[in-house]
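Asker: Quick check, what structure comes out for this input:
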Amino acid sequence: MMRIAVCDDERMYADLICKSVEAAVNEMGFKSEIEVFRSSVLLLNSHKKSPYDILFLDIDMPNMSGFELAKEVRDASIRAFIIFVTAKTELVYSSFDYQPFGFVCKNDGSIKNDIMKVIKRLNPFYKQSRLVTINDNYISVDISINSIVYIQSDKHYVLYFTSDKRKDVPIKERNTIAVCEKLYADYDFLKPHSRYLINMIHIQNFDVLQNTIIMDNGDMIPISKKFKAEALDKYRKFRRR
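Answerer: Alright, predicted model coming up:
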């Protein structure tokens, strides 16, 4: 179940965006819960209590702009997908600091099509929403696949680094990277190094020159020469979807 928030101070656009999002997720077969806000402050308060997965934010809003709201959202939940909605296309370049997933333009007559394109690009995230059970020191832990940032080999164990409340302490399971690679083969993971398996939805930057991949939690994953070409090709195909 994806939790989606729409925030626009203009009722007409708030309703149009909501109906377009609802139509898109239904067409894709996603299970979702959509809430509409006409106040940035109200959305932020709701997000802090129970984070949204996807947020459609108008940039030009009173009291708290879409950029200010996005900053607060990022502080509360790094893996939230932010889509800016604006009639001021000149603001697009100013938005990169907030790591937006996409943009929807209000004034070009294609708002419904733009929203459908964004929702289609979110398909990997939806696919990864299923839960998996990991045995951490003989204690079963249920986590969603999309919360896995990367998996690291540690002798006879693997360490799961996640984006949820356990992000500072990895989950340790007696397993191998090879087994994990098969387990997550259908969920957009790639292997840049013999000791690492990473979730592509959490990649922030793929630095070919420095042979490192920067994840959205700030961790840097090495790229080995053996896996470099295949990993880069797989990531490019993922980005083009």
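
Asker: From now on I want contacts and neighbour counts done on CA atoms only, so please keep to that.
Answerer: Noted.

Asker: So V73 versus S153, what's the distance?
Answerer: 32 Å (Cα to Cα, to the nearest Å).

Asker: more crowded one of these two?
Answerer: Per other Cα atoms under 10 Å, whichever of V73 and S153 has more neighbours is V73, with 24 against 21.

Asker: L44 is in contact with the more buried one, correct?
Answerer: Yes - if you go by Cα atoms under 8 Å, V73 and L44 touch, sitting 6.9 Å apart.

Asker: residues touching K31, list them.
Answerer: Contact analysis of K31 by Cα atoms under 8 Å, 6 or more residues apart in numbering lists M1, M2, V25.

Asker: Tell me how far the last one lies from I201.
Answerer: Read that as V25. 19 Å.

Asker: More neighbours: the two, which one.
Answerer: Taking neighbours as other Cα under 10 Å, V25 and I201 compare with I201 leading, 23 against 20.

Asker: residues contacting the closest residue to Y187 other than its chain neighbours?
Answerer: Distances taken as Cα to Cα, 6 or more residues apart in numbering place Q128 nearest to Y187, at 6.3 Å, with adjacent residues excluded. By Cα under 8 Å, 6+ apart, Q128 lies in contact with S144, I145, N146, Y187.

Asker: Pull out the buried members of those residues.
Answerer: Restricting the contacts of Q128 to buried positions leaves I145, N146, Y187, with burial counted as 16 or more other Cα atoms under 10 Å.

Asker: Out of the residues you listed, the closest to G102 would be?
Answerer: For those, the minimum distance to G102 (Cα to Cα) is 18.7 Å, reached by N146.

Asker: Surely that closest one and S129 touch.
Answerer: Yes - in terms of Cα under 8 Å, N146 counts as a neighbour of S129; the distance is 5.8 Å.

Asker: chain center to stretch 111-121, what's the gap?
Answerer: Computed by Cα atoms, centre = their mean, to the nearest Å, the chain-centroid distance of stretch 111-121 equals 16 Å.

Asker: Buried ones in that stretch, by neighbour count?
Answerer: Buried positions in stretch 111-121, judged by neighbour count with 16+ other Cα under 10 Å: I111, K112, D114, I115, M116, V118, I119, R121.

Asker: So the fourth one lies in a helix, does it not?
Answerer: In other words, I115. Yes - under DSSP: H, G, I helix; E, B strand; the rest coil, I115 falls within a helix.

Asker: Can you say which helix or strand has G218 in it?
Answerer: Following DSSP states H and E, one finds G218 outside all helices and strands.

Asker: quick one: pLDDT of it?
Answerer: Note on G218: pLDDT of 89.
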